[in-house]
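1. Generate a structure from the sequence data that follows.
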Amino acid sequence: MIYIDLDADLNMEDDDGRNFARFTPPADAPAVGDVLVAGRPDFWSWVVIDDVDDEIVYFHQVSTRHAAQLATLVADMPRAV
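-> The predicted structure is shown next:
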């Protein structure tokens, strides 16, 4: 199961060709350099955050190999008590 960190339309670009998505506070704002899963459950990509401006996050898509060099890609599953 994939967990989407950032709900985004991966085809959305601004006038400068940068991918972007909105996030709604009080959600934790991603930081520059964070590696996240962006998109929707049926269409997603690894991304690196380039800039955060108010409620807009700018990012670029990266390969799984590149994402793995930057961050741990698999989170531990919660254990039942």
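
2. who's in contact with W46?
-> By C-beta atoms under 8 Å, 6 or more residues apart in numbering, W46 lies in contact with V35, L36, V37, A38, Q61, V62, S63, T64, H66, A67, L73. For glycine as for every other residue, the C-beta is placed from the backbone atoms N, C-alpha and C.

3. Could you give the bridge partners of the third one?
-> The one in question is V37. For V37, the beta-bridge partners are W46 (DSSP bridges).

4. Assumed H66 was part of a helix.
-> Yes: assessed with DSSP: H, G, I helix; E, B strand; the rest coil, H66 lies in a helix.

5. quick one: it from D53, how far?
-> Distance of H66 to D53, computed by C-beta to C-beta, to the nearest Å: 24 Å.

6. cool, and D5?
-> On the measure of C-beta to C-beta, D5 and D53 end up 18 Å apart.

7. From the neighbour counts alone, determine which of the two ranks first.
-> D5 (19 against 8; other C-beta atoms under 10 Å).

8. Identify the residue nearest that one in space, chain neighbours excluded?
-> Among residues not flanking D5 along the chain, L36 sits closest, at 3.9 Å (C-beta to C-beta, 6 or more residues apart in numbering).
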